[in-house]
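Student: Provided below for reference: sequence and predicted model.
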Amino acid sequence: MAEGGPGRFDGPQQALDAALVLLDQARRSGGRRLLGIAGAPGAGKSSLTAWLVERLPPGSCAVVPMDGFHLADVALERLGRLDRKGAPDTFDAAGYVALLQRLRTARSTDPLVWAPMFERDLEQPLAGAIEVPGDVPLVLTEGNYLLLDEGPFAHVRAMLDACWFVEAPEELRHRWLIARHERFGKDPEAARAWALGPDETNARLVAPTRGRADAVVRLD
């Protein structure tokens with residue numbers, strides 16, 4: 001975290017400028033930088049990440065989402081946690097930390113790392129879906145709990161060279177979240193119930209982690 005609290009990026013362009021600095025540092029050192037993008041459900045983490053990737057030099061970065069470490073529904077049913085899918089304990093957080101550690105050293109030890117992704121059409125994780133070549137100097141990872149200071153997620157922050165917190169006005173965030181749930185198959189009533197129920201519970205858990213970020217990116 002920056003001294004005196006998080007810095008502030010007024011929009012995605014300033015975030016892009018900072019990402020380019022990280023990329024330059026990685027290239028100059030011959031190593032790799034890991035950039036985290038955290039925030040509440042529906043805040044715009046994935047949208048900002050995609051926006052950055054479109055504007056960073058081709059082949060310079062890879063995206064490894066935390067959501068790839070969702071536990072499968074069959075496991076959540078067995079654990080009695082399917083109705084709280086998305087809560088911290090419904091992820092393989094230790095597996096996520098292990099992957100980040102591997103990515104930090106992969107340029108010298110692994111020519112290629114495979115990472116999981118979350119397929120929203122299926123609402124399921126897919127193993128070995130994302131290819132991260134050893135010569136990629138910048139890895140972006142995004143998710144709700146990158147700054148959470150409890151359980152296995154508490155080890156994530158130390159794996160990252162920088163971590164930003166994305167935020168948006170609550171009304172807008174809820175609208176984006178409900179629209180996303182509808183887009184991936186929920187009816188309007190179910191989409192609203194999930195967004196204002198389990199998702200909002202998770203958002204309240206994430207909100208205090210804002211202070212551990214290096215910078216806050218405001219989207220509206």
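Tutor: It's in. Only a predicted model underlies this, so the values are computations on that prediction, with no experimental measurement involved.
Student: quick one: list the elements packing against the helix or strand containing residue 27.
Tutor: Counting by DSSP states H and E, the element that carries residue 27 is helix 12-29. Applying 3 or more Cβ pairs under 8 Å, 6 or more residues apart in numbering; DSSP states H and E, we find helix 12-29 packed against strand 33-39, helix 45-55, strand 138-143, strand 162-167, strand 215-218. The C-beta positions use only the backbone N, C-alpha and C, and glycine is treated the same way.
Student: to residue 82, which of these lies closest?
Tutor: Of all those, it is strand 138-143 that lies closest to residue 82, at 19.6 Å by Cβ to Cβ.
Student: what packs against the closest one?
Tutor: With contacts taken as 3+ Cβ pairs under 8 Å, 6+ apart, strand 138-143 sits against helix 12-29, strand 33-39, helix 45-55, strand 61-63.
Student: can I get the ones you listed in TSV with mean pLDDT?
Tutor: Shown next, in TSV, are the helices and strands packed on strand 138-143 (pLDDT from 0 to 100):
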stretch	mean pLDDT
helix 12-29	96
strand 33-39	98
helix 45-55	97
strand 61-63	97
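Student: tell me which of the ones you listed is the most buried.
Tutor: strand 33-39 (a mean of 26; mean count of other Cβ atoms under 10 Å).
Student: low-confidence ranges, the protein, go.
Tutor: For the chain, applying pLDDT under 70 flags the ranges 1-4, 106-110.
Student: wait, residue 12 touches residue 49, no?
Tutor: No: between residue 12 and residue 49 there is no contact under Cβ atoms under 8 Å: 10.2 Å.
Student: now the helices and strands packed on helix 12-29 in a markdown table, with distance to residue 123?
Tutor: Below are the helices and strands packed on helix 12-29 laid out as a markdown table (distance: least, Cβ to Cβ, whole Å):
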| stretch | distance to residue 123 |
| --- | --- |
| strand 33-39 | 20 |
| helix 45-55 | 15 |
| strand 138-143 | 16 |
| strand 162-167 | 22 |
| strand 215-218 | 27 |
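Student: please identify which of the ones you listed is closest to residue 181.
Tutor: So among the helices and strands packed on helix 12-29, helix 45-55 is nearest, using Cβ to Cβ, at 13.9 Å.
Student: report the angle between the closest one and strand 33-39.
Tutor: Interaxial angle, helix 45-55 versus strand 33-39 (axes from the mean of the first three to the mean of the last three Cα atoms, to 10 degrees): 140 degrees.
Student: what residues does helix 45-55 touch?
Tutor: 12, 15-16, 19, 37-39, 61, 63, 65, 140, 142-144, 166, 217, 219 (Cβ atoms under 8 Å, 6 or more residues apart in numbering).
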